[in-house]
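> Sharing a model that was predicted from the sequence below.
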Amino acid sequence: MADTYEALEAALTYRFQNPALLRQALTHRSFGLPHNERLEFLGDGILNAAVARMLFDAFPERTEGELSRLRASLVKKEALAELAGEIGLSKFLRLGDGEARSGGYQRPSILADTLEAIFAAVCLDSDFAQAATVIGQLVSPKIGALDPSTHGKDNKTLLQEWLQARHKPLPRYTIVNQRGEAHDQHFVVQCRIESHDLTTEGEGASRRMAEQEAAARALDGLQSTQDKKGNRR
């Protein structure tokens, strides 16, 4: 764990007037009091409001349902953990010994929760506008890369829609391997599409993650096959 937070503040492009707020935001409950759970609660609301406004401005023609789907894709645990990785957040986490030994520094839920707590800390240290600015600097590149017609839909949904549009049966998902303790499990899931005689596998720390990876590989395979057929015509 770092003793000072200059590198993190530089990544956030924000310098705290009250460093204790940042220290609390980085403190997991396993470390002791004061920890970051209340800040996480506040930060979740700030993040959702800030991202909602960004999407509202970026996509003026999109419906409420489409905007909600896009927002959900940007504020979900995995997306926030990715942002946390981009700013090197894991180096600054304050975890108890047990949590640290069990892989807490890389756990997506801890990284996501801590990032939300940091957004709250910025707001309390300054105001909502400043917190929204920090969020915007992190999230804007993601919004710029969005394809509203598909983004926000997970791979299983996209695969299902691809098959339904062609009146094909839905895929079957089967767990073919599961190992590890409760806090550190690993799944291997098979996706089978009978109509195309296609089978893919995915791996992940949860069944859902493994299914999503298997679905992504299946969709890539189906689209690649379709493209090749189109090129031969």
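Happy to help now that I have it. Numbering: from 1, shown residues only.
> For Arg23, which residues are in contact?
5, 94 (CB atoms under 8 Å, 6 or more residues apart in numbering). In short, each C-beta sits where N, CA and C put it, glycine included.
> Could you do the one 4 residues further on as well?
With contacts defined as CB under 8 Å, 6+ apart, the neighbours of Thr27 are 34-36, 94.
> swap in Leu47?
With CB under 8 Å, 6+ apart, Leu47 has these contacts: 75, 116, 119, 135.
> I'd like those residues written out as JSON lines, with pLDDT, secondary structure and neighbour count added.
Listed next are the contacts of Leu47 as JSON lines, based on pLDDT from 0 to 100; DSSP: H, G, I helix; E, B strand; the rest coil; neighbours: other CB atoms under 10 Å:
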{"residue": "Val75", "pLDDT": "94", "secondary structure": "helix", "neighbour count": "20"}
{"residue": "Glu116", "pLDDT": "98", "secondary structure": "helix", "neighbour count": "26"}
{"residue": "Phe119", "pLDDT": "98", "secondary structure": "helix", "neighbour count": "27"}
{"residue": "Ile135", "pLDDT": "98", "secondary structure": "helix", "neighbour count": "28"}
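> hmm, back to that, make a ChimeraX selection of whichever of the contacts of Thr27 turn out to be buried.
If you want just the buried ones from the contacts of Thr27 in ChimeraX, going by 16 or more other CB atoms under 10 Å, the selection is:
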select :35,36,94
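> want to throw the contacts of Thr27 into TSV with distance to Leu159, secondary structure and pLDDT?
As requested, the contacts of Thr27 are exported to TSV (distance: CB to CB, whole Å; DSSP: H, G, I helix; E, B strand; the rest coil; pLDDT from 0 to 100):
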residue	distance to Leu159	secondary structure	pLDDT
Pro34	45	coil	96
His35	40	coil	97
Asn36	37	coil	98
Arg94	41	strand	96
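> Farthest-apart pair in the contacts of Thr27, please.
Pro34 and Arg94 (10.8 Å; CB to CB).
> Can you mark which positions in the longest helix seen in the chain are buried?
When the chain is parsed with DSSP state H, its longest helix is helix 207-232. Of all the residues in helix 207-232, those buried under the rule 16+ other CB under 10 Å are 207, 209-219, 221-222.
> No more questions from me, cheers.
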